[in-house]
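*Asks:* no sequence on hand, only this structure:
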Ligand SMILES: [Zn+2]
């Protein structure tokens, strides 16, 4: 039930939150928040030590998070075409 922790997501659309709650098991993890171990790495997603999905609260290690970010970037690129 980790989506209940979305309190810090100020831009959450209530309607969107409801639908994403119903599809929590199929979260695409597109709202990844990079976590850096070192202050100087802040703002550099490629240096993030781990990622946390803002939508479902699941945490990923650097390799998983980077792969998900790349997949999402790829998906968006295809949408633009
Ligand atoms: Zn997720």
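*Replies:* Great, that's in hand. Source: prediction; values computed, not measured.
*Asks:* the ion contacts on this protein?
*Replies:* Residues of the chain that fall close to the ion, judged by Cβ under 5 Å from the ion: 27, 29, 53, 55, 56. The C-beta positions use only the backbone N, C-alpha and C, and glycine is treated the same way.
*Asks:* please name the nearest non-neighbouring residue to the first one.
*Replies:* This means residue 27. Leaving aside its sequence neighbours, residue 27 sits nearest to residue 56 (Cβ to Cβ, 6 or more residues apart in numbering; 4.1 Å).
*Asks:* quick check: that neighbour is in a strand.
*Replies:* No: counting by DSSP: H, G, I helix; E, B strand; the rest coil, residue 56 is not found in a strand; it is coil.
*Asks:* please report how far it lies from residue 68.
*Replies:* Distance, residue 56 to residue 68, by Cβ to Cβ, to the nearest Å: 12 Å.
*Asks:* higher neighbour count, those two?
*Replies:* residue 56 (22 against 17; other Cβ atoms under 10 Å).
*Asks:* buried residues in stretch 63-74?
*Replies:* Judged by neighbour count using 16 or more other Cβ atoms under 10 Å, the buried positions of stretch 63-74 are 65, 66, 68, 69.
*Asks:* where does the prediction get shaky in the protein?
*Replies:* 1-25 (pLDDT under 70).
*Asks:* how about the strands in it?
*Replies:* Assigned by DSSP state E, the strands in the chain fall at 32-35, 50-53, 59-61.
*Asks:* for the first one, give me every contacting residue.
*Replies:* It stands for strand 32-35. Residues outside strand 32-35 that contact it (Cβ atoms under 8 Å, 6 or more residues apart in numbering) are 45, 48-54, 60, 65, 68-69, 72.
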